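> Mind folding the following:
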Amino acid sequence: MAGTRVQIDLFFKDKTLQQVNKDFPELLPIIRKAKAKASIINKGKPNEELTIKATYHICRHDENRLCDPIQEI
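Numbers count the residues shown, from 1 in each chain. The predicted model follows:
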């Protein structure tokens, strides 16, 4: 059966995670709730896909520096 796949990649310039949470207090709780309802495509099969993934990190590409470690939401 087919399903809906949602992918989001957002960059908030000059914002810390705390500032993003202040501006969008519903964002991380909604992402966590959606992850709890999502499914892994072809779970347990050789062609399994990572379809329950939500992460954040401080990105420094615009400064030509390495990013901070990736954290799971």
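> Where do the strands of the protein begin and end?
55-56, 71-72 (DSSP state E).
> What strands line up against the last one, and which way round?
Under the criterion DSSP bridges, strand 71-72 sits next to strand 55-56 (antiparallel) in its sheet.
> and the strand it pairs with, how far from the chain's centre?
4 Å (C-alpha atoms, centre = their mean, to the nearest Å).
> Stretch 8-16 too?
11 Å.
> Kindly reformat the strands of the chain as CSV and extend each row with mean neighbour count and distance to Lys15.
Bear in mind the C-beta positions are built from the backbone N, C-alpha and C, glycine included. Shown next, in CSV, are those (neighbours: other C-beta atoms under 10 Å; distance: least, C-beta to C-beta, whole Å):
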stretch, mean neighbour count, distance to Lys15
strand 55-56, 13, 11
strand 71-72, 10, 15
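> show me what contacts the spatially most central residue of the chain?
Closest to where the C-alpha atoms of the chain average out (C-alpha atoms, centre = their mean) is Ala54, at 2.5 Å. With contact set as C-beta atoms under 8 Å, 6 or more residues apart in numbering, Ala54 has these partners: 31-32, 34-35, 72-73.
> Output the strands of the chain as TSV; include the columns distance to Arg65 and mean pLDDT.
Formatted as TSV, those follow (distance: least, C-beta to C-beta, whole Å; pLDDT from 0 to 100):
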stretch	distance to Arg65	mean pLDDT
strand 55-56	17	94
strand 71-72	18	94
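> mind checking which of these is nearest Glu63?
Closest of those to Glu63 is strand 55-56, at 17.5 Å (criterion: C-beta to C-beta).
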